[in-house]
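1. below are the sequence and a predicted model for it; my questions follow.
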Amino acid sequence: MSNQPKSKKKPQPNDLVTYEDMSKLYWLMYQRSKVDSLTITQLTDMMTWLKNHIIKLEKANEMIVDKYEDKYEEYEKANEDLKKQNTELTLNVEELKERLFGKLTMRLKEFATRPDKKKDN
């Protein structure tokens with residue numbers, strides 16, 4: 001191999017593009033562009049439908065979330081009310097126990113925690 005630069009060659013007659021070849025190429029490019037425009041139109045229509053569908057789903061999702069948030073708040077409020085009622089009932093039970101067994105339990109506690117157990121016998 002030599003390090004000489006390659007010489008420029010003149011085009012050969014077989015390498016030249018004819019008018020018929022160019023017109024054929026133009027016709028094929030035109031058909032391709034028609035198919036591409038149709039495909040782009042279909043894709044655009046599909047994308048607009050998908051966009052509208054997503055917007056509808058977002059609205060439905062928002063309505064469902066609002067509905068369940070309201071239910072959740074109602075349940076929280078009812079839970080707090082029941083908790084208060086449960087606390088009141090517990091206090092009432094303790095109060096009734098104290099009325100009924102108050103003196104007896106105090107005597108039992110004193111008996112169990114007496115310092116000198118030998119005095120009882």
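-> Perfect, thanks for sending it.
2. please make it C-alpha for all contacts and neighbour counts, starting now.
-> OK.
3. count the neighbours of E95 for me.
-> Number of residues near E95 (other Cα atoms under 10 Å) recorded here: 13.
4. and the gap between it and Y75?
-> 30 Å (Cα to Cα, to the nearest Å).
5. can you check E98 too?
-> 34 Å.
6. which element is the most centrally placed residue in the chain on?
-> Taking Cα atoms, centre = their mean, the centroid of the chain lies closest to N61, which sits 10.8 Å from it. Assigning secondary structure by DSSP states H and E places N61 in helix 19-112.
7. shaky segments in this structure?
-> Scanning the chain for pLDDT under 70 picks out 1-15, 102-112, 114-121.
8. 50 instead, please
-> When the per-residue scores of the chain are filtered using pLDDT under 50, no range remains.
9. returning to what we had before: what's the helix holding N61 packed up against?
-> Here helix 19-112 touches no other helix or strand, going by 3 or more Cα pairs under 8 Å, 6 or more residues apart in numbering; DSSP states H and E.
10. show me the contacts for Q42.
-> Contacts for Q42 (Cα atoms under 8 Å, 6 or more residues apart in numbering) come out as none.
11. picking that back up, ok now the helix holding N61, how far from the chain's centre?
-> In terms of Cα atoms, centre = their mean, to the nearest Å, the centre of helix 19-112 is found 8 Å from the chain centre.
12. any idea how many residues pack against E94?
-> Number of residues near E94 (other Cα under 10 Å) recorded here: 13.
13. swap in D21?
-> 11.
14. against L91, how distant is it?
-> Counting by Cα to Cα, the gap from D21 to L91 is 101 Å.
15. try S33
-> Taking Cα to Cα, one finds S33 at 85 Å from L91.
16. can you check D81 too?
-> 15 Å.
17. try Y26
-> Using Cα to Cα, one obtains 95 Å as the distance from Y26 to L91.
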